[in-house]
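Asker: all I have is the shape, not the residue letters:
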(Lines give C-alpha, C1' and ligand atoms only; values in the text may rest on other atoms or scores of the structure.)
Protein backbone atom coordinates (compact mmCIF):
# COMPACT_ATOMS: atom_id res chain seq x y z
CA UNK A 1 0.00 0.00 0.00
CA UNK A 2 2.90 2.34 0.46
CA UNK A 3 3.50 2.19 -3.27
CA UNK A 4 0.05 3.74 -3.92
CA UNK A 5 0.97 7.29 -2.96
CA UNK A 6 2.18 8.27 -6.46
CA UNK A 7 -0.80 6.64 -8.17
CA UNK A 8 -3.99 8.29 -9.31
CA UNK A 9 -7.35 7.68 -7.67
CA UNK A 10 -8.56 5.19 -10.27
CA UNK A 11 -5.29 3.29 -10.19
CA UNK A 12 -5.50 3.09 -6.42
CA UNK A 13 -9.12 1.89 -6.57
CA UNK A 14 -8.16 -0.72 -9.16
CA UNK A 15 -5.29 -1.93 -6.95
CA UNK A 16 -7.62 -2.09 -3.95
CA UNK A 17 -10.16 -4.02 -6.01
CA UNK A 18 -7.43 -6.48 -6.99
CA UNK A 19 -6.41 -6.78 -3.33
CA UNK A 20 -10.08 -7.38 -2.41
CA UNK A 21 -10.35 -10.08 -5.09
CA UNK A 22 -7.19 -11.75 -3.75
CA UNK A 23 -8.54 -11.59 -0.18
CA UNK A 24 -11.88 -13.11 -1.30
CA UNK A 25 -10.01 -15.97 -2.98
CA UNK A 26 -7.89 -16.53 0.15
CA UNK A 27 -10.97 -16.37 2.41
CA UNK A 28 -12.76 -18.82 0.09
CA UNK A 29 -9.80 -21.23 0.30
CA UNK A 30 -9.66 -20.90 4.10
CA UNK A 31 -13.43 -21.41 4.31
CA UNK A 32 -13.12 -24.51 2.12
CA UNK A 33 -10.35 -25.90 4.34
CA UNK A 34 -12.36 -25.14 7.49
CA UNK A 35 -15.36 -26.96 6.00
CA UNK A 36 -13.16 -29.97 5.15
CA UNK A 37 -11.85 -29.98 8.73
CA UNK A 38 -15.44 -29.88 10.02
CA UNK A 39 -16.34 -32.84 7.79
CA UNK A 40 -13.25 -34.73 8.99
CA UNK A 41 -14.12 -33.98 12.64
CA UNK A 42 -17.73 -35.15 12.10
CA UNK A 43 -16.49 -38.33 10.43
CA UNK A 44 -14.00 -38.94 13.25
CA UNK A 45 -16.76 -38.38 15.83
CA UNK A 46 -19.05 -40.78 13.99
CA UNK A 47 -16.26 -43.37 13.78
CA UNK A 48 -15.53 -42.94 17.51
CA UNK A 49 -19.22 -43.26 18.30
CA UNK A 50 -19.44 -46.48 16.25
CA UNK A 51 -16.30 -47.83 17.92
CA UNK A 52 -17.58 -47.00 21.41
CA UNK A 53 -20.93 -48.59 20.57
CA UNK A 54 -19.16 -51.70 19.26
CA UNK A 55 -17.09 -51.92 22.47
CA UNK A 56 -20.26 -51.43 24.52
CA UNK A 57 -22.04 -54.17 22.55
CA UNK A 58 -19.06 -56.49 22.97
CA UNK A 59 -18.94 -55.81 26.72
CA UNK A 60 -22.69 -56.40 27.01
CA UNK A 61 -22.40 -59.69 25.12
CA UNK A 62 -19.37 -60.67 27.23
CA UNK A 63 -21.22 -59.82 30.44
CA UNK A 64 -24.21 -61.90 29.32
CA UNK A 65 -21.96 -64.82 28.40
CA UNK A 66 -20.14 -64.68 31.74
CA UNK A 67 -23.46 -64.45 33.56
CA UNK A 68 -24.80 -67.45 31.61
CA UNK A 69 -21.67 -69.45 32.42
CA UNK A 70 -21.95 -68.60 36.12
CA UNK A 71 -25.61 -69.65 36.01
CA UNK A 72 -24.51 -72.92 34.42
CA UNK A 73 -21.82 -73.43 37.07
CA UNK A 74 -24.35 -72.62 39.81
CA UNK A 75 -26.76 -75.18 38.34
CA UNK A 76 -24.00 -77.78 38.26
CA UNK A 77 -23.06 -77.05 41.87
CA UNK A 78 -26.70 -77.36 42.87
CA UNK A 79 -26.89 -80.73 41.09
CA UNK A 80 -23.71 -81.91 42.82
CA UNK A 81 -25.00 -80.61 46.15
CA UNK A 82 -28.27 -82.47 45.60
CA UNK A 83 -26.38 -85.64 44.73
CA UNK A 84 -24.24 -85.31 47.84
CA UNK A 85 -27.37 -84.82 49.94
CA UNK A 86 -28.79 -88.05 48.49
CA UNK A 87 -25.50 -89.84 49.12
CA UNK A 88 -25.48 -88.56 52.72
CA UNK A 89 -29.01 -89.92 53.20
CA UNK A 90 -27.97 -93.29 51.78
CA UNK A 91 -24.87 -93.38 53.97
CA UNK A 92 -27.05 -92.60 57.00
CA UNK A 93 -29.23 -95.59 56.11
CA UNK A 94 -26.14 -97.76 55.64
CA UNK A 95 -24.78 -96.56 59.00
CA UNK A 96 -28.10 -97.44 60.60
CA UNK A 97 -27.97 -100.92 59.10
CA UNK A 98 -24.39 -101.34 60.30
CA UNK A 99 -25.47 -100.23 63.76
CA UNK A 100 -28.23 -102.91 63.74
CA UNK A 101 -25.75 -105.48 62.43
CA UNK A 102 -23.26 -104.49 65.14
CA UNK A 103 -26.01 -104.93 67.72
CA UNK A 104 -26.93 -108.37 66.34
CA UNK A 105 -23.27 -109.39 66.18
CA UNK A 106 -22.90 -108.30 69.80
CA UNK A 107 -25.95 -110.46 70.65
CA UNK A 108 -24.48 -113.44 68.75
CA UNK A 109 -21.12 -112.98 70.49
CA UNK A 110 -22.91 -112.78 73.81
CA UNK A 111 -24.80 -115.99 73.03
CA UNK A 112 -21.59 -117.71 71.94
CA UNK A 113 -19.85 -116.60 75.12
CA UNK A 114 -22.85 -117.77 77.12
CA UNK A 115 -22.68 -121.13 75.40
CA UNK A 116 -18.95 -121.33 75.98
CA UNK A 117 -19.41 -120.44 79.61
CA UNK A 118 -22.18 -123.08 79.92
CA UNK A 119 -19.97 -125.74 78.45
CA UNK A 120 -17.27 -124.79 80.81
CA UNK A 121 -19.76 -125.40 83.64
CA UNK A 122 -20.96 -128.71 82.13
CA UNK A 123 -24.07 -127.55 80.21
CA UNK A 124 -24.25 -129.32 76.89
CA UNK A 125 -27.23 -127.68 75.20
CA UNK A 126 -28.89 -124.31 75.04
CA UNK A 127 -32.64 -123.93 74.51
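Answerer: Perfect, I can see it now. These numbers come from a predicted model, not from an experiment.
Asker: what's residue 60 sitting at in phi/psi?
Answerer: Torsion angles at residue 60 (phi, psi; degrees, to the nearest 10) stand at phi -60, psi -50.
Asker: would you map the helices across this structure?
Answerer: Chain-ordered helices for the chain, with DSSP state H as the definition, fall at 9-120.
Asker: got any ranges where this protein has weak pLDDT?
Answerer: Low-confidence segments of the chain, defined by pLDDT under 70, are located at 1-6, 120, 122-127.
Asker: mind doing that once more with 50?
Answerer: Screening the chain residue by residue with the criterion pLDDT under 50, one finds the ranges 1.
Asker: any idea how far residue 99 is from residue 86?
Answerer: From residue 86 over to residue 99 the distance is 20 Å, taken as Cβ to Cβ, to the nearest Å. The way it works is simple: take the backbone N, C-alpha and C, and place the C-beta from them, glycine included.
Asker: swap in residue 121?
Answerer: 33 Å.
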